[in-house]
Every structure is written in structure tokens, then in C-alpha cells.
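Asks: Below: sequence and its predicted model.
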Amino acid sequence: MPRGAGSSADGESMQAMPTISLLHFGLQRLLGPLADKELRVASRRVRSYALRSGYIVLLCILMLSAWYHIVGVQNASAVAFGVSRASVVSTQVAGRVILFQFVAAQLIAALMLSSSMGEELRRGTLGVLLTTPITSIHIVVGKLLSGLLQIVLLLGIGLPALAVLRVLGGLSWEDVFAAFWVTLAAAVFAASLSLLLSTYYRHSFQAISAGAVVYLALFVGLPFLAACLVAAGALNQPVTLSVLDLTNPFRALYDVVPRVGPVPAAGAGRFFSWPIHCLIMAGAAAAVSCVSVRRIRRVAIGRRFGTRREPWAIERLWGSPVAWKEDPCVHVLRKGTIPIVVAASVACVLLIVTKVARGGPLAIYPYYELGGLWLVAFLRLAIATAGGIAAEKESGAWPVLLTTSLDERQILWGKARAALRRDAVMLLSLLAIEVCLLFSQVGSRELPGAVAYALARLAAVVLVLGAGLYFGVRLRTTTAAVTAALVTFLCVNYFIVGQYSPLSAWWLAKILASYVNRPNSGTTSVSSNYLQLYGLATMGSAFVLDVALGLFLWRRARRNVRAYVF
Amino acid sequence: MIEIKKLTKNFGNLVAVSNLDLHVGAGDIFGFIGPNGAGKTTTMRILVTLLEPTSGEAFIDGLDVRKKGKEVRRRVGYMPDFMGVYDDLKVFEYLEFFAAAFGIEYAKRKTIVDGVLELTDLVSKQEALVDSLSRGMQQRLGLARVLIHDPKVLILDEPASGLDPRARIEMRELLRELKRMGKTIMISSHILSELEEICDVIGIVEHGQLVFSGTLEEIRPKLGIQSKIRVRVLGEGLRAMELLSVLPQVQSIEVIGAQSPSAGLSGEGSGSTLLVTLKEGQSSDGIIARTLVNGGVDLVCLQPEQLKLDDAFLQLTQGIVH
């Protein structure tokens, strides 16, 4: 190598080095050693790889089922037909992929960060960390960034799929880009909120539960209230809608990629910009993180010395010891659940009275709001069931419980009973509201439908309980167990069977189409009773699979209680 | 009361316990000793039905731990090395929970819990939250929990670890009291001096195999250790050495303390201290004392050397961890 050339190259690298070093030093100062440790550890955890693999599998199932649902049922053999509809199909599939990524990113972010502080407290490492030069900012930033890196990786995994759909047409690069940033901003907010809540609650399931309530209040309750106020004329519609679009990630996603959900009502003078929305969400996440930073030291000291709880009188044990330990309150109806019962009763009475007074169907159906509430109810159930077992493993109390003379059935049944008792009020309230809504829509002639609906929900409860018990027994951490139980429930009811499952829509449509429309009828239109049959078949298949899988998992849990103790 | 036959437990390629044979008689306190990773905890977990053995058999009170798990659990009280406690439960509630878990009727529970609290000296703490107790108190609570269903056998994994000296002495006294109550106790500990004081029988395990089981006195011949007697006399020890060296039982004599207190290795007054090693299988039978007194030596003290458990442990184990 010529001497001069080498010198020149060396000179350039020497000039570049200080810049890189400064950047590296600056980043290190901001992130601290904790971020470094978290990233190192994350790459060694099997669950990181399991999460990514599971995510890819779900994404593939979603895309394939959506594709076949849209293309396959219409006329799979006609190539020309398929090609002509490629852009339409790709738009619809992309919409589902984006929505899936949006929901999954927030859920995973919330789950990953929900145990961050509780775990440190339980292991006693938070106090140790605070005796080192590491600051509270380093702890919060380190935890947040390590979690978010996983989310970015997951979102990155989905990008090639969106790129392929982009090639088919019907989707612009701007759509992909905007959806990515809106999703990431929502995940950042969910993660920071979950981290903050983990400083209030020592168990991850408590933090997740509280996070779900905050989310509902912020992104379902507030828009609902705003809509009521707009309807009453108390608020200006364009301004209110603009504020909601800019601050609500769900509405923002609909604005960015309209085909993922209902298009928000257009209004003159309404303003929306996704970069501003992302900045607002990032700002909100930063504000929430600041509160976390302020709380960390106080929490570490307060919890270590056990100064936070109010004294109470000794409570005598009654009934099943396992159920009592999980939830010592005798009554299903308790102080915390009274507002839920009152609200549900008022809603039911209003729905019935309005229906009777109007005589016709109601114009509104809060589909997304109720869906969100059901998801929260099932999440709570999964947390109570899976968390009830996994939390005992985390605290080291599980082996002690297993050396008592309680058998497997008593332990699992006690856990399930306690979980049901905790969530019963919310589940029954939601069921009552939905039945009343059904009545308000179609009247009393759909009574069998209402019964079928209630049975389907009951089956879902069986599945969540079974999955919660099984994964609680099988896995070691609460977060992993709750996530697995919830993912199982969502996969079964939203991917394989159920009203919204593209896969079930595909196979049910095929079966029913061949049964209802006779081959020689010469028409492609569905028969009059097709929809009714389709609805019953959807609900029936969901019921059968939910109950069968729930009972199977329950049985597996019973067999494995003593197999995965340590 | 505890019988283990050819017990083996593998975790993948790792052999945690290998062909272990063990017997603990009723009413004995059995000290289970071994280096870290030797298989003590695994053996105990098998005995309390938390782990399934790969092969072999284990019996508690004549019941096979594999086949009669529930009956075994009724007869055994297990205290793990790390005792997990429940949050948000008070001491009384915690004990009552376990009383209920062992199927004790509601009407009897309060009396039993009160009794156990008294036995373990935790009455004043019954209203305290379990996770706010100190380590020593938590260990004591663990012992109270173990006793709640009045088991015949107690299996205690490192019950004294992390305790201060006072708490250790109290724990020792409590175990002695339990022995008086007729309990069979299997206890593992790293604090060998403590086991030495309370155990009737010890078992030393290494690499998952039992290298010794028996009383401390039974270890001596096993190790080929000869009896030694420490002899202290007034004045110079030369006369005493002359007298003792001709005895047929004596193998060797070592001076371990000189006449001058300032230079004395024994460091106790003026006089000399000799360490007399007897030939293997020989005992002194008072002949040393008689020889010295008859020979006109002013005998101050004559004390057989005790075999320390630490020494036995070091000689029997290599300290190799799995």
C-alpha cells in the first residue's frame, strides 16, 4: 500500500474518531450502564426469541387468512379476477397488518414494562442500584429503551410484508411510513405509562390492569364524553375532533390509514397531522417518564421498609384456603365494584326505556367501546388466573404451597374461583349491557341469539381460565404467563374462530356456501338464511373450540402442577 | 422413619443425586452435610414430593413418596432454603392459611395457631405483616408453619442461614425441644459446628453420593484417625515424655506447649502440654494418668482430642462442585 494513501486514510479516521467517541460518550451518558445491561440480557433470554417467532407466526397467519378470505372465497380459480383485485386485496390485507401491529406493539410494550420496577424491588436490586452513581433517569431510560428496542424489532419484522403489499398497489409509502411512526409513538406512550404504573404496583398484573383502565379512560371514555358534549352543543365539533385526532392514537391511526377502521366523521376546519400527533404522544410519554423518575427513589425506600400499607385487623379464613388467600373479601359485590354495577344498571335501564319509548332500533352501537371493555375484562381474568400462580413462583411461595396436603384440583379450583370472583361483576355487567343492546336493536324476537351470545361469552371465560391456569403452571414469570394466556385467547377467538376471525370467515363461508347455495342454483348471491346460519356457525364453532380448549388446558394444568415447580 | 434406596435424580446430563442410600431412625436429628451442589436440596425436595426421582425409592414413615404423595405431605413439614412469603398477609393469617391447607378444621385452627406461635415465641408478632419481618423472624415463622399440622418428620433446608448468633442459639434450642417432642428431623446446614451440637447422626454427601453416614464417633475409624490425648503437666515435660514413650499403646508424643509462659504455645501458666497419639484401635483406659501420677509428675489436665465435624467434612469431601 502506498505510504501516502495509508496516511491519508489514517488521517481521515483520526478526524472521524473524536466525533464517534463524543457521540458514543454522549449516548453512554444518557443511557447509562443499565440500558447496556438490559440489552445484553434481552439477547440471552429465550422469551425474546419466542416473542419474535410468535409474532412472525401470527403475522403470517393473519396475512394468509386475510388473503384467502378476500380472494379465495370469491373465485380462487379465476387468475384474471385475482389480478384485477390485487390492489384492493393488498389494501385490505395491509389495513389488517397495520392494525395488528398497532395493537400488538402497545400490548407487548405494556406487558414488558409492567414488571420492570416490581421485579427490581422484589429482587432487592433497586436499592443496590440507587447506591451506585446510576441515577433514576438512567434507570427509567434504560428500562424504556431496552423494551422499545424489542418493539422496533417487531415492527421492523412486519415492514417487508407491508413492502410486498405496497408492490401490489393500493398502499403508498407514506401510508407505511406514517403507520409505523404512529404505532411507535403509541407504543412509547404505552411503555412509559406501564413503567410508571409499575412504580405504584408491586405485581405486573396489577400494573397491567391499572394501565388498561387508564387507557380506556383516556382513549375511550374521553372521546365518548367529548362526543356527548359535541352532540349537546357544548363543544365546537371541528376543534374537538382535531384535538381528539391529535391526542388519540386510535383515531390517529384511522386518519393515517382509513381502511383499518371506521373513518372518523369529516368536518369542516378539522385539522390532523401525523407528525404532530407523534410529537404530542412522545411529549406525553416524556412527561409520564418524568413522573417515573421522580418516584423511583421514594418507592425504593418506602417499599423496602414496608411503610406504605394501612393497618387492618386479622381476617379469619373461611372456605377454600387458596381462594381466600387470593381474595379474602367474602362478597362478590364490594366497595370497588359498586360504581361498575351502578353504571351498568343505569345503561341497561336507559337502553330498555329508550327502546320501549322509540319502538324502533337504536341508531348507535358502541362496537369498539364494548369490544375494548370485553378485552379489559378478559385481560383481568387472565391476570388473576395466570398471575395468581406465576406470582407465587416468583416470590418462592409455590413450593411451600405444594408441600401442603392440598391436591392439584383444590389448588387450581381455588385459583380459578378467586379469579372469577374478582372479575364476576365486570363480566356480568358487560353481558347485561350487551344483551340489553341486542334487545334495543332487534327486540325480544332475538332471544335465542341473546342466549347464544351469553353462552359464547361463557365459553370464552372457560378458555381464559384454562389458559391462565395452564400457562401459570407452565411458565415462571407473571408477565410471560399472562401474555401467553391472553395471546391464546386472542388467537383462538380472533384468528381461528369467532365473529371477527378471517380464518373462520374463510372456512365457514366455504362450508356454508356449498350447503346453502345449491350448485345448480346458478346464482352467486347468498340465500336469505345464509347470514343467520353464518352467525350461528361462527358462534357455535367459537363456543365448541373455546370450551374444548379451555377444558383441555385446565386438564393439562392439573397434570403439570408439580412438573414445573422450580 | 426416612428410608432412601438407590435414589438417583438427573437433570438432563447433570447427575444431581446418584444411587443414594440413607436411613434416618425415628426421633433422630439427622445432619445432612455436603458442599454446594452436592445434592442435598435435591434429595430433600424428592422426599417432600416436589421432585420426581429418576430412579430409586424413598420412604417416609413407610410410605413411598412417589405413590403416596398426599399422605407423605401430611406427615412431613418442609422448610425450604429460600422461604417465599406471601405479601399482604399477617403472621396469624399466614399460619391459619397453612392450617386450612392441611385440612385442620376451622374450630381447632385458632388454638393450634396460638400454640405454634407460643412455641416459636412469635405471639408478639402475630399482627405483623409477614414480609415486614426480619430474616430471623421469618425463619422462625417458617418453623412455625412447618409445625402447624404436627408432622412426624421435619425436613429443614438450611434453617439457620442468615441468622445472627442469638437467633441461631434460639433455633438450636427450638430444634432440641422438637426432638424432645419426638420429631424426626433432617437438617442441612453449612454451619457445621451447629450440627455437631444437635445432631445424633450425620450424613456427608458429595457428587450426589453418600460418602459417610453415622455418628461422629463412627467417623474416626472410617477416616483412619487415631485417638489423641492432650496432657498438661507442671514443670518441664521431659519426665512425662520419658514415662509415656515406653507405654505400648503410645505411638508418638509431641510437645505443643513449652515451660515458659512467654514462649508457651499453650499460653496457659507455667507448664508443658504434650499431645499423645495412641496407636490405631487403642484407648488410654486411664493408663496415661496412672503412669504419670505414679511417676511423680504433677498432672494438671488430661483431655482427649475431639474430632471436629469441620475436619471430618474436609477430609471426606473434595469440595468439587457440580
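Replies: Structure received.
Asks: Flag the shaky bits of chain B, pLDDT-wise.
Replies: Scanning chain B for pLDDT under 70 picks out B:220-226, B:257-270, B:280-285, B:306-308, B:318-322.
Asks: Quick one: the helices in it, in order.
Replies: Per DSSP state H, chain B carries helices over the ranges B:40-47, B:69-75, B:91-101, B:106-119, B:135-147, B:165-180, B:192-198, B:216-223, B:238-245, B:287-294, B:309-316.
Asks: Indicate which one of those helices is closest to chain A.
Replies: helix B:91-101 (3.8 Å; Cβ to the nearest Cβ). For every residue, glycine as well, the C-beta is placed using N, CA and C.
Asks: so how far is the closest one off the chain centroid?
Replies: Its chain's average C-alpha position is 29 Å from that of helix B:91-101, according to Cα atoms, centre = their mean, to the nearest Å.
Asks: circling back: can you lay out the helices of chain B as TSV showing distance to chain A?
Replies: Formatted as TSV, the helices of chain B follow (distance: least, Cβ to the nearest Cβ, whole Å):
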stretch	distance to chain A
helix B:40-47	8
helix B:69-75	5
helix B:91-101	4
helix B:106-119	7
helix B:135-147	8
helix B:165-180	18
helix B:192-198	23
helix B:216-223	30
helix B:238-245	57
helix B:287-294	53
helix B:309-316	27
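Asks: of the ones you listed, which approaches residue A:391 most closely?
Replies: helix B:91-101 (15.4 Å; Cβ to Cβ).
Asks: The closest one vs helix B:106-119, what angle?
Replies: 130 degrees (axes from the mean of the first three to the mean of the last three Cα atoms, to 10 degrees).
Asks: helices or strands next to helix B:91-101 in the packing?
Replies: In terms of contacts (3 or more Cβ pairs under 8 Å, 6 or more residues apart in numbering or on different chains; DSSP states H and E), helix B:91-101 is packed against helix A:321-326, helix B:106-119, helix B:135-147.
Asks: Give me the next element, helix or strand, following the first one.
Replies: Next along the chain after helix A:321-326, taking DSSP states H and E as the criterion, comes helix A:338-358.
Asks: list the buried ones in that next one?
Replies: Buried residues in helix A:338-358, defined by neighbour count with 16 or more other Cβ atoms under 10 Å in any protein chain shown: A:341, A:344, A:347-348, A:351, A:355.
Asks: Distance to chain B and pLDDT for those - can I get that in TSV?
Replies: TSV is the format used below for the buried residues of helix A:338-358 (distance: Cβ to the nearest Cβ, whole Å; pLDDT from 0 to 100):
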residue	distance to chain B	pLDDT
A:341	25	79
A:344	29	79
A:347	33	77
A:348	35	78
A:351	39	73
A:355	45	68
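Asks: and which of these is nearest residue B:27?
Replies: Nearest member of the buried residues of helix A:338-358 to residue B:27, counting by Cβ to Cβ, is residue A:341, at 59.0 Å.
Asks: gap between that closest one and residue A:102?
Replies: Residue A:341 sits 33 Å away from residue A:102, taking Cβ to Cβ, to the nearest Å as the criterion.
Asks: Would you confirm that residue A:104 contacts residue A:55?
Replies: Yes. Using Cβ atoms under 8 Å, residue A:104 is in contact with residue A:55, at 6.8 Å.
Asks: Give me the common contacts of those two.
Replies: Applying Cβ atoms under 8 Å, 6 or more residues apart in numbering or on different chains, one finds that residue A:104 and residue A:55 are jointly contacted by residue A:154.
Asks: what number of residues lie near residue B:164?
Replies: By other Cβ atoms under 10 Å in any protein chain shown, 11 other residues sit near residue B:164.
Asks: Then residue A:537?
Replies: Neighbours of residue A:537 (other Cβ under 10 Å): 18.
Asks: and the closest residue to it other than its chain neighbours, what is it in contact with?
Replies: Using Cβ to Cβ, 6 or more residues apart in numbering or on different chains and skipping the chain neighbours, the partner closest in space to residue A:537 is residue A:508 (5.2 Å). Shown in contact with residue A:508 (Cβ under 8 Å, 6+ apart): A:534, A:537-538, A:541.
Asks: Out of the helices and strands packed on helix B:91-101, indicate the one that is most buried.
Replies: Most buried of those, by mean neighbour count (mean count of other Cβ atoms under 10 Å in any protein chain shown): helix A:321-326, with a mean of 23.
Asks: residues in contact with that one?
Replies: So helix A:321-326 is contacted by A:317-318, A:384, A:388, A:401, A:406, A:410-411, A:413-415, A:417-419, A:421-422, B:86, B:89, B:97-98, B:100-101 (Cβ under 8 Å, 6+ apart).
Asks: Find the residue closest to the residue of chain B at minimum distance from chain A in space, skipping its chain neighbours.
Replies: Proximity of chain B to chain A (Cβ to the nearest Cβ) peaks at residue B:84, 2.7 Å away. Spatial nearest neighbour of residue B:84, chain neighbours left out: residue A:396 (2.7 Å); criterion: Cβ to Cβ, 6+ apart.
Asks: got it, and residue B:252?
Replies: residue B:277 (4.7 Å).
Asks: Report the beta-bridge partners for the one you found.
Replies: Counting by DSSP bridges, residue B:277 is bridged to residue B:228, residue B:252.
Asks: Tell me who's in contact with it.
Replies: By Cβ under 8 Å, 6+ apart, the residues touching residue B:277 are B:226-228, B:250-254.
Asks: top of the residues you listed by neighbour count?
Replies: Ranked by the number of neighbours (other Cβ under 10 Å), the contacts of residue B:277 place residue B:250 first, at 21 neighbours.
Asks: what helix or strand is the residue in the stretch 451-566 of chain A that chain B sits nearest to on?
Replies: Nearest residue of the stretch 451-566 of chain A to chain B (Cβ to the nearest Cβ) works out as residue A:565 at 5.4 Å. If you go by DSSP H and E, residue A:565 is not part of any helix or strand.
Asks: what do you get for residue A:510?
Replies: Residue A:510 belongs to helix A:502-516, assigned by DSSP H and E.
Asks: same for the helix or strand that that helix is followed by, what does it pack against?
Replies: Remark: after helix A:502-516, the chain's next helix or strand is helix A:530-560, criterion DSSP H and E. With contacts taken as 3+ Cβ pairs under 8 Å, 6+ apart, helix A:530-560 sits against helix A:408-442, helix A:447-474, helix A:502-516.
Asks: Turn those helices into CSV, including distance to residue A:254 and mean pLDDT.
Replies: Below are the helices and strands packed on helix A:530-560 laid out as CSV (distance: least, Cβ to Cβ, whole Å; pLDDT from 0 to 100):
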stretch, distance to residue A:254, mean pLDDT
helix A:408-442, 23, 87
helix A:447-474, 26, 89
helix A:502-516, 19, 67
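Asks: quick one, which of those helices is nearest to residue A:157?
Replies: Nearest of those (Cβ to Cβ): helix A:502-516, 19.8 Å.
Asks: ok, how many other residues are close to residue B:244?
Replies: Count around residue B:244 with other Cβ under 10 Å applied: 23.
Asks: on that earlier part again, nearest to residue A:491, of the contacts of residue A:508?
Replies: Closest approach to residue A:491 among the contacts of residue A:508 (Cβ to Cβ): residue A:541, at 14.4 Å.
Asks: Quick one, grab the pLDDT at the closest one.
Replies: Model confidence at residue A:541, given as pLDDT, is 86.
Asks: OK, contacts around it?
Replies: Residue A:541 makes contacts with A:497, A:504, A:508, as judged by Cβ under 8 Å, 6+ apart.
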